[in-house]
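**Student:** need a structure here:
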Amino acid sequence: MEVQLENPVDEIKRLQRCMNDLVSLLALPALWSGAEPTQIARTLLDVLPGMLGLDLLYLRLKDAVGQMSIEMARVVQTGKLRAWPQEIGEALNHCLGEDAQKWPPLVRRSIGNGHISLMSVPLGVEGDSGVLVAACERADFPGQTERLLLSVAANQAVIGLQEARLLSEQKRLARELDQRVAQQTRDLAAANEVLRNEVAERKRAEDALRANERDLNHIINTIPVLAWCNLPDGSNEFLNQPWHDYTGLSPEEAHGWGWQVAIHPDDLPGLLDKWRELLASGEPGEIEARLRRFDGMHRWFLFRVNPLRDESGSIVKWYGTNTDIDDRKQVEEKLQRSEAFLAEAQRLSSTGSFAWRVETGEITWSEQLYRIFEFDPGIRVTFELIRSRVHADDIPSLNEMIDWARGNGSDFEYEHRLRMLDGSVKYLHLVAHGVRHLDGGLEYVGAVQDITQRRLSEEALAKARSELAHVARVTSLGALTASIAHEVNQPLSGIITNASTCLRMLAAEPPNVDGARETARRTLRDGNRASDVITRLRALFVKRTATTEAVDLNEAAREVLALSLGDLERRRVILRPELADDLPPVTGDRVQLQQVILNLLLNASDAMSGIEDRARQLVIRTERDEGDRVCLSVQDAGVGIEPQGADKLFEAFYTTKSDGMGIGLAVSRSIIESHHGRLWAAANDGPGATFSFSIPRAPEV
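**Tutor:** Residues are numbered from 1 along each chain as shown. This next block holds a predicted model:
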């Protein structure tokens, strides 16, 4: 409570009380050591009302994830304020709003049956730990001292709540640690029990083995394996019954070195050489050889042998087995043939295969892939080694592909270039398929094809196509020679006439300077007209490399129309442009697209050259097409086309004109397809035909 006192003694006492209250609040965290959030809340509810003379104290605490989980209040009943604790939260929300972070610092509202002044103090940054609301019926509440004490109490509460949450987290971690230790202890006890059981089982097995040594011959003769025992010098001492049954040899015939007659003659020398090496080294070994069956058929067997030594290390016996591997050998031969076929197919198609284990970084290459990269076979393949061959301009994209593949696991394709040691360049096309193993590991299996010859062929084809397009463009312009001459001749005639007039005006007495100046302006105008015609002609006639840029199809069409207008008028063609106002730009080569438009215009004009019974109307139209594409159409009123012959029109050297080459439409389709579009023709409902092409619009910037 804050009261304005003029008596210094009272003021000193008030300050002393304030200091004592402040000290008490600062000491609260020490009392809260190890306390739960609810205990901290109850302490505040017990201390603050009496300390500050409050009529109401309300507290909301948030849990770790920010949800309201604790809601407590303390009400000091007075004559004016009548409210139950459960009504306080709803009343505060009704007065101040649901979001405690947006409550005003001070407001006067009616709660219960009386008026009360409220002060809210957020707990933590932006109230992330909750909110503290103090209320008093006094009109001067809260004073400066009360504000200070409430702020200190809120800060101390936040400290206590943070320590309580840390303690709770420590207890939770301790419980989890205890649980893990207990689980590991149980696992260790179980492992020890398993180990004891294994030791006991091994001892029982050893005891059983020693007990059954007397029956060893019986066991050996029963097992479905050809088993034998030889003396230290290599001669045979014992062959089990399955061996005799298979070979048809008696113990007397096979004893000593007689068993050799059962070995295929081609395999016997190698087997004896290997057997002598083992006798000399005293080491275990194995060899493959064919063993003759009782019916004379030979089958492949795997011979395995191990020496038995005494305590001094000397060999006392050789024990061995023969395992039938004939079926496996046949499979291996088929597999070897398949591998040979695959290797030859890879060599012929210039295609190598690879496997890449992403987790370990292990890369496996086929022989053909080593040949493509011109590395020594068997050398360990790493990405650093691969980068040493990759073209410098393609290394950034290679790194991006590797990073993408490591985290994606999806199939992908990639093309890049190699710079070989002799300076030559190779073009490679890679296709990879990602698979997940049972352990979750990612592996890519794929193929890499050397497409250098194909790329060179494509470049040669593109060059040839460019040459053909240039021929078609020159041919098309040849048909416009008369029109172009007319277009150029008119301004040149005007220039000569205006120049003569200008000279006469200047020679008059007095000279007609104003008339001469106006005549000179007309001369400049006619000169510019002639220059524009030549510029448009040069743009279509010049041979240059295709360039890609944003092209306004309307503007490109207008330039072609301006160049063709004289020829169209001479042929009595009525031109009707219908160019869309909102046409988006396209991406392509401006000159090539203008060549297509010019070809379509000339074809339409030629198709109407013999028409006399109707108007020779030509409509050129641009519009938006579906799928973010732009369409240009040229519609004529000529002789039309047969529906079944529409596709034939675009074949090279096919023409319906007596003086045509038959390459204009073929080149036009090639140009449009190189722009990822299509060119087609359709008969009109009435007379004539419509030729149209559609290409993608340019991407928006």
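**Student:** For the rest of this, base every contact and every neighbour count on C-alpha atoms.
**Tutor:** Will do.
**Student:** Against which helices or strands is the helix or strand in which Glu673 is found packed?
**Tutor:** Using DSSP states H and E, Glu673 falls within helix 664-674. Contacts defined by 3 or more C-alpha pairs under 8 Å, 6 or more residues apart in numbering; DSSP states H and E place helix 664-674 against helix 452-478, helix 590-607, strand 678-683, strand 689-696.
**Student:** quick check, distance from it to the centre of its chain.
**Tutor:** 35 Å (C-alpha atoms, centre = their mean, to the nearest Å).
**Student:** CA atoms only: put it into PDB for me.
**Tutor:** Output in PDB follows, covering the C-alpha atoms of helix 664-674 (Å, rounded to 0.1, in the frame of the first residue of the first chain):
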ATOM      1  CA  GLY A 664       9.300 -25.000 -97.300                       C
ATOM      2  CA  LEU A 665       6.700 -26.800 -95.100                       C
ATOM      3  CA  ALA A 666       9.200 -29.500 -94.200                       C
ATOM      4  CA  VAL A 667      11.700 -26.900 -93.000                       C
ATOM      5  CA  SER A 668       8.900 -25.000 -91.300                       C
ATOM      6  CA  ARG A 669       7.800 -28.100 -89.300                       C
ATOM      7  CA  SER A 670      11.500 -28.800 -88.400                       C
ATOM      8  CA  ILE A 671      11.800 -25.200 -87.100                       C
ATOM      9  CA  ILE A 672       8.600 -25.400 -85.000                       C
ATOM     10  CA  GLU A 673       9.500 -28.800 -83.500                       C
ATOM     11  CA  SER A 674      12.900 -27.400 -82.600                       C
END
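**Student:** Now do that helix and helix 590-607, the angle between them.
**Tutor:** 150 degrees (axes from the mean of the first three to the mean of the last three C-alpha atoms, to 10 degrees).
**Student:** weakest of the helices and strands packed on helix 664-674 by average pLDDT?
**Tutor:** Looking at these, the lowest mean pLDDT belongs to helix 452-478 (a mean of 62).
**Student:** Break this protein down into its structural domains.
**Tutor:** 8-170, 215-324, 332-450, 476-696 (automatic domain parsing).
**Student:** rewinding a little: got the angle for the helix holding Glu673 vs strand 678-683?
**Tutor:** Going by the same axes, to 10 degrees, helix 664-674 makes 140 degrees with strand 678-683.
**Student:** in helix 664-674, what's buried?
**Tutor:** Gly664, Leu665, Ala666, Val667, Ser668, Arg669, Ser670, Ile671, Ile672 (16 or more other C-alpha atoms under 10 Å).
**Student:** Return the item of those having minimum pLDDT.
**Tutor:** Out of these, that is Gly664, at 69.
**Student:** Averaged over its residues, which helix or strand of this structure has the lowest pLDDT?
**Tutor:** strand 106-111 (a mean of 51; mean pLDDT, DSSP states H and E).
**Student:** List the neighbouring strands of the helix or strand just after it plus their orientation.
**Tutor:** Using DSSP H and E, the helix or strand that follows strand 106-111 towards the C-terminus is strand 114-123. On the basis of DSSP bridges, the sheet neighbours of strand 114-123 come out as strand 106-111 (antiparallel), strand 130-136 (antiparallel).
**Student:** what's stretch 240-259 in contact with?
**Tutor:** Contacts of stretch 240-259 with the rest of the structure, by C-alpha atoms under 8 Å, 6 or more residues apart in numbering, involve 217, 220-228, 235-239, 260, 262, 291-294.
**Student:** can you list contacts of stretch 626-637?
**Tutor:** By C-alpha under 8 Å, 6+ apart, stretch 626-637 touches 583-584, 586, 600-601, 604-605, 607-608, 615-625, 687-697.
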